[in-house]
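1. structure for the following, please:
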Amino acid sequence: MKTKTLIPEYDPRDDLLAELSETINSLTEENAFLKDKISIGQFNASEIEKIDIEETLVNLREQVRLLEINNQALIDSRNYFQHQTAEVMKSRNYWEKLAKRQKALLNGGSNA
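-> Numbers count the residues shown, from 1 in each chain. This is a model prediction of the structure:
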């Protein structure tokens, strides 16, 4: 008798997809950095103010990135617990129906 394995088969396209995703993320970050540099360069301010603005932008982008990661983790966690709750409710409903049938049989009812 054959048993199923839980390990998915290796697909080399997954490596390519991961590499392309990393490239896209890197280019997106670089694009945002260059846009910031252009914006700061066009801003009429002293060099010290421009440095402060650049540091603020870098910090805010990092905060946004971390908040997006945390938000996704919360969404994933919520979805997991909602799924688990649905499974528990299905199980509870099954056992409740079974208990009602058994109770009806014990009470002499034939309508179970």
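
2. mind listing the helices for this structure?
-> Per DSSP state H, the chain carries helices over the ranges 12-42, 47-106.

3. could the ones you listed go into a markdown table alongside mean neighbour count?
-> Glycine gets a C-beta too; all of them are placed from N, C-alpha and C. Supplementary listing: those in a markdown table, determined by neighbours: other CB atoms under 10 Å:
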| stretch | mean neighbour count |
| --- | --- |
| helix 12-42 | 11 |
| helix 47-106 | 11 |
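
4. export those to JSON lines and tack on mean pLDDT?
-> Shown next, in JSON lines, are those (pLDDT from 0 to 100):
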{"stretch": "helix 12-42", "mean pLDDT": "89"}
{"stretch": "helix 47-106", "mean pLDDT": "94"}
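
5. which residue is nearest the middle of this protein?
-> Gln72 (3.8 Å; CA atoms, centre = their mean).

6. CA atoms only for stretch 103-110, dumped as PDB, please.
-> The C-alpha trace of stretch 103-110 is given here as PDB (Å, rounded to 0.1, in the frame of the first residue of the first chain):
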ATOM      1  CA  LYS A 103     -30.200  10.500  23.900                       C
ATOM      2  CA  ALA A 104     -33.300  10.000  21.800                       C
ATOM      3  CA  LEU A 105     -32.400   6.300  21.400                       C
ATOM      4  CA  LEU A 106     -31.900   5.900  25.200                       C
ATOM      5  CA  ASN A 107     -35.300   7.600  25.800                       C
ATOM      6  CA  GLY A 108     -36.900   5.000  23.600                       C
ATOM      7  CA  GLY A 109     -37.500   7.300  20.700                       C
ATOM      8  CA  SER A 110     -37.300   5.900  17.200                       C
END
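
7. any idea how far it is from the chain center?
-> Relative to the mean C-alpha coordinate of its chain, stretch 103-110 is positioned 49 Å out (CA atoms, centre = their mean, to the nearest Å).

8. and Met1, what pLDDT?
-> Per-residue pLDDT puts Met1 at 49.

9. and the one 5 residues further on, by the same measure?
-> pLDDT, the model's per-residue confidence, is 69 for Leu6.
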